[in-house]
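Colleague: model the following, please.
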Amino acid sequence: MMHELDLVVIGGGHAGIEAAHAGFRMGVRTALVSMSLEAIGRMSCNPAIGGLGKGQIVHDIDALGGLMGRLADETGIQFRMLNESKGPAVWGPRCQSDMAAYSLAAQRELRACQGLELIAGEVVSLKYDANATRVWTITIHDGTILNTHSVVITSGTFLASRMFTGLARSVGGRVNEASAEQLSECLHHLGIRLRRLKTGTPSRLDPASIDYAACEEQAGDATPYPFSWSTRTPLHNRAVCWITRTSLRTHAVLRTGFAQSPMFSGVIKGLGPRYCPSIEDKINRFADKDSHQLFLEPEGDGNGRIYVNGFSSSLPAEIQEAALHTIPGLEHCKILQIGYAVEYDAIDATQLHPTLQCREWPGLFFAGQVCGTSGYEEAAGQGLVAGINAALRVQGRDPFILGRSESYIGVMLDDLVNLPLEEPYRMFTSRAEYRLFLRYDNAAQRLTRQGRELGLVGDTQWQHFEASQIRLAQARQLLETTSPDIATANQILVASAQDPVMEKPRWIQLLRRPGIDADKLFCAAGLCETLEREERLHIHAEEMYRGFYERQQREIEQAHRLEHLRLKDSLDYAQITALSFEGRQKLSKARPLTIGQATRIPGVRPADISVLIYWLNHHS
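Modeller: Here you go, the predicted model:
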C-alpha cells in the first residue's frame, strides 16, 4: 500500500498525540504511525500531569488549542496546586491520573479526528529525495509506503532502547514493548548526531499489601483548579496519595547492590536526569542525608497498582525488594513490577531550529524525549510546536516561533536548540526570566489569539475566550472607578490583618495591598457572581505583579520585538562583511530564524546584532 500525505508523525506518545492533532486541526493530510495503536498515550513512568513549571506548559498547550489539559481533567483522580504558599507566578497545577483512562481518552480523541490516519507498524526506512513531489518516503515493516512533505519524529525512549535490572538487560523501551532499532539506524545514516541518555522507573506495588497507618496521608485540594478552559463541571478528588521515607537501613541495603548496578559499573553509558535521579544515585550523591521522601501514588481508579515516586532504580530485583521492605508502611509490600532503567538514543537538539525542524534536512522535525527532554508535559509542548510548524511548511506559511517572553514552551525550545545539554532537560520556573508574566492563569491571554490564527482554536474555545475578555474588562473598570464604603473597606482590611483607613479607597487600591483576602474583596464588590474563579485569580495576580511588570515592560517589549524579527534560513552571513568574523562563523553554523535567537548564540556580539537589524531594515 502507498499513502500520499502531507504530514507523518512517528510515535504515539504525548508529543506524537499533540503533533498529529495539530496537523489534523490545521487541515493537512496527516497520519500517525505507532508500533502499537493500543500504546498511544501510555504513561511510561509516573501517573501524573503537571507540577512546577510543567503545569504552566499544560496551560500553554490548552490555550493554543492542544489536548493535554482536557485529557488531564477528564482522567484525573486527584488534583493539587503545588507551591500555593508562594505567589501565583510559581504555583504548579498537578493531577494524579488514571493511566489506563488517559491512554484510552487520547486514543478516542485521535480516532474522532475524521481523516487522521492511525497506522500500526515499525518504521524501517526513512529516505529523502529533494526532487520528489513529497520529499520524504517512509517504509513500514509490512511494506506500506508513506510519501509525505513533512515528518515529525516523536519516538520517545524507544530508539535503540535497552532495559536494565541489575546486570540483566533486554531490548525494549518499556516493559513488553519493542525497541525502534531500524529508525535509529535511519537517523544515523542521515548524519543526525545521536547520543545515549538514560531514564528509569520504580517498582509498582499491590495496594492491599501496604500499611497506610505508617504513612502520611496526602489529600487533594478541596476545590481544584482545572487545566483546561473546556472543563465546565467541578473536578473531584477520588484518590489519596501517601508519603513515607527511606532510612539509613534502606540505604545500607541498597549499597550492597552497587557492584551490580548497571549505572555504577559502566554498563549504562547514558546520563540520566539530574533532577529525577534513581534512588541509588540519590544515596550515592547525597551520602550525608539520613532519608529521602517517597510518594505512594495510585495508578488509577481500582487498577490495583501503587507507583513508588522517588524510588526509581535499576539495581537487581532482590536488592530493590529487600530495600523496599525496610521502608515504613512497605515492610510486607508485594511487588507487582520491579523497577528498571532504560538507555536509549536521543538527538543533539542543537541540530534543530526553534521550530524543531532539522537544520540540515527540510521537512524533518523532532519532538519529545528524543530531543533530550524528560517529562510528558515537555514532550507535549514540543509535539504541538513541531506539528504546527510541519503543517505551516506544507501550507507555505511563515513558521511559528514562541519567544521566551511569551510562554514556557518558548523558554524550553530556546534552551534546547541553543544550549548543549549533557543530561535530559526538565522544565522549572527558575528557567524562565519572565516567570512573573508566564503564569498559568494568563495563558489564554498570552496564546489563544495565536492558536486561533493558526487554526487550532475552534469556535467554542474562541467564543469562551472573547466572553471572558469582556467580563475581565468590565470587572476591571468597576474595580478602578468605584469604591466600597468605609465600613466595608475596613472590614476587608481587618479580616486581612491590615490597618483600617479613614478615607474611601477604590477597590483596585485595596486589591493591590499585600496579603489582602481577594475572595472577600471580589464578593463584597459583587464580582463573585459575574466572574469565574479563574478570572478572579487572574485579576488579582495581574495587580499583585503590576509594579514588576511596569518596570520590565520595556525589556519584555524589546525581547518580543526581537523574537519577531525573522531571518531567512538561506541568509548568507558571509556576505554581510560588517559582521565580525566570529559572528559570521557562529551565525552560519547556528542559522537562527529570529534576531532574538541570534542574541543568545555564544560568540555573537551586541555589535553583530546591531548590524543584523540594520541589514534587515535595508534588505527586507
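
Colleague: could you use CA atoms for every contact and neighbour count after this?
Modeller: Will do.

Colleague: pull the contacting residues for the nearest residue to Thr350 once chain neighbours are set aside.
Modeller: Once flanking residues are discounted, Thr350 sits nearest to Val417: 4.2 Å by C-alpha to C-alpha, 6 or more residues apart in numbering. Val417 makes contact with Ala349, Thr350, Gln351, Leu352, His353, Pro354, according to C-alpha atoms under 8 Å, 6 or more residues apart in numbering.

Colleague: state the phi and psi torsions of the fourth one.
Modeller: Read it as Leu352. Per-residue torsions, Leu352: phi -110, psi 150 (degrees, to the nearest 10).

Colleague: that one contacts Trp361, doesn't it?
Modeller: No. Applying C-alpha atoms under 8 Å as the test, Leu352 and Trp361 come out as separate, 9.6 Å apart.

Colleague: between those two, point out the one with more neighbours.
Modeller: Between Leu352 and Trp361, counted using other C-alpha atoms under 10 Å, Leu352 has the larger neighbour count: 25 against 15.

Colleague: quick check: domain ranges of this protein?
Modeller: Following automatic domain parsing, one gets these domains for the chain: 204-341, 459-539, 565-619.

Colleague: start and end of the longest one, how far apart?
Modeller: So the one you mean is domain 204-341. In domain 204-341, first residue to last residue: 14 Å (C-alpha to C-alpha, to the nearest Å).

Colleague: quick one: it to chain centroid distance?
Modeller: Centroid displacement of domain 204-341 relative to its chain, using C-alpha atoms, centre = their mean, to the nearest Å, is 22 Å.

Colleague: make JSON lines out of the domains of the chain and add distance to Phe428.
Modeller: As requested, these are exported to JSON lines (distance: least, C-alpha to C-alpha, whole Å):
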{"stretch": "domain 204-341", "distance to Phe428": "10"}
{"stretch": "domain 459-539", "distance to Phe428": "21"}
{"stretch": "domain 565-619", "distance to Phe428": "19"}
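
Colleague: same list, those, but as JSON lines with mean neighbour count please.
Modeller: What follows is the domains of the chain, written out as JSON lines (neighbours: other C-alpha atoms under 10 Å):
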{"stretch": "domain 204-341", "mean neighbour count": "18"}
{"stretch": "domain 459-539", "mean neighbour count": "16"}
{"stretch": "domain 565-619", "mean neighbour count": "16"}
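
Colleague: any idea which of these gets closest to Met412?
Modeller: When the domains of the chain are compared by C-alpha to C-alpha, domain 565-619 sits nearest Met412, at 12.7 Å.

Colleague: coming back round to it: of all the domains of the chain, which one is nearest Leu116?
Modeller: Closest of the domains of the chain to Leu116 is domain 459-539, at 20.4 Å (criterion: C-alpha to C-alpha).

Colleague: any idea of the mean pLDDT for the closest one?
Modeller: Across domain 459-539, pLDDT averages out at 94.

Colleague: next, count neighbours for the closest residue to Gly41 other than its chain neighbours.
Modeller: Leaving aside its sequence neighbours, Gly41 sits nearest to Ser103 (C-alpha to C-alpha, 6+ apart; 4.3 Å). Close neighbours of Ser103, defined as other C-alpha under 10 Å, add up to 20.

Colleague: I figured Ser103 hits Ser44, correct?
Modeller: No. Contact status for Ser103 versus Ser44: not in contact, 10.7 Å apart, counting by C-alpha under 8 Å.

Colleague: check the offset of the helix or strand containing Glu4 from the chain's centre.
Modeller: In the assignment (DSSP states H and E), Glu4 maps to strand 2-10. From the chain centre to the centre of strand 2-10 is a distance of 25 Å (C-alpha atoms, centre = their mean).

Colleague: could you list every helix and strand in contact with the helix or strand following that strand?
Modeller: Following strand 2-10 in sequence order, the next helix or strand is helix 14-25 (DSSP H and E). Contacts defined by 3 or more C-alpha pairs under 8 Å, 6 or more residues apart in numbering; DSSP states H and E place helix 14-25 against strand 2-10, strand 30-34, helix 99-111, strand 145-153, helix 376-395.

Colleague: next, the angle strand 30-34 makes with helix 14-25.
Modeller: 160 degrees (axes from the mean of the first three to the mean of the last three C-alpha atoms, to 10 degrees).

Colleague: ok, now how distant is Met99 from Asn303?
Modeller: Distance of Met99 to Asn303, given as C-alpha to C-alpha: 9 Å.

Colleague: over to Thr481?
Modeller: Going from Thr481 to Asn303 by C-alpha to C-alpha gives 55 Å.

Colleague: before we move on, what about Gly23?
Modeller: Here Gly23 is placed at a distance of 34 Å from Asn303 (C-alpha to C-alpha).

Colleague: what of Gly53?
Modeller: Gly53 is 29 Å from Asn303, where distance means C-alpha to C-alpha.

Colleague: Arg426 too?
Modeller: Arg426 is 29 Å from Asn303, by C-alpha to C-alpha.

Colleague: ok, now Met502?
Modeller: The gap separating Met502 from Asn303 is 61 Å, by C-alpha to C-alpha.

Colleague: likewise Ala590?
Modeller: As judged by C-alpha to C-alpha, Ala590 and Asn303 stand 48 Å apart.

Colleague: okay, now Arg80: neighbour count?
Modeller: As a burial measure, Arg80 scores 23 neighbours (other C-alpha under 10 Å).

Colleague: can you tell me the strand partners of the helix or strand hosting it and which way each runs?
Modeller: Per DSSP H and E: Arg80 is located in strand 76-82. When sheet partners are counted by DSSP bridges, strand 76-82 sits next to strand 92-97 (antiparallel).

Colleague: what does stretch 222-234 contact?
Modeller: The set of residues external to stretch 222-234 that reach it, using C-alpha under 8 Å, 6+ apart, is 55, 58-59, 62-63, 69-70, 72-73, 79-81, 93, 235-236, 461, 534.

Colleague: in strands, which of those residues fall?
Modeller: Counting by DSSP state E, the part of the contacts of stretch 222-234 found in strands is Phe79, Arg80, Met81, Pro93.

Colleague: top of the residues you listed by neighbour count?
Modeller: In terms of neighbours by other C-alpha under 10 Å, the ones in strands among the contacts of stretch 222-234 top out with Phe79 at 31 neighbours.

Colleague: pull the number of nearby residues for the residue nearest to it when sequence neighbours are not counted.
Modeller: Once flanking residues are discounted, Phe79 sits nearest to Cys95: 4.3 Å by C-alpha to C-alpha, 6+ apart. Using other C-alpha under 10 Å, Cys95 has 27 neighbouring residues.

Colleague: run through the bridge partners of Cys95.
Modeller: Counting by DSSP bridges, Cys95 is bridged to Ile49, Phe79.

Colleague: isn't it right up against Gln78?
Modeller: Yes. Using C-alpha under 8 Å, Cys95 is in contact with Gln78, at 5.4 Å.

Colleague: now the common contact residues for those two.
Modeller: Counting by C-alpha under 8 Å, 6+ apart, Cys95 and Gln78 have no common neighbour.

Colleague: helix/strand/coil for the residue nearest to Thr350?
Modeller: Here Val417 is helix, with the state taken from DSSP: H, G, I helix; E, B strand; the rest coil.

Colleague: could I get the pLDDT score of it?
Modeller: 93.

Colleague: so who does the closest residue to Gly455 other than its chain neighbours touch?
Modeller: Closest residue to Gly455 apart from its sequence neighbours, by C-alpha to C-alpha, 6+ apart: Met26 at 5.4 Å. Met26 sits next to Ile388, Ala391, Leu454, Gly455, Leu456 when contact means C-alpha under 8 Å, 6+ apart.
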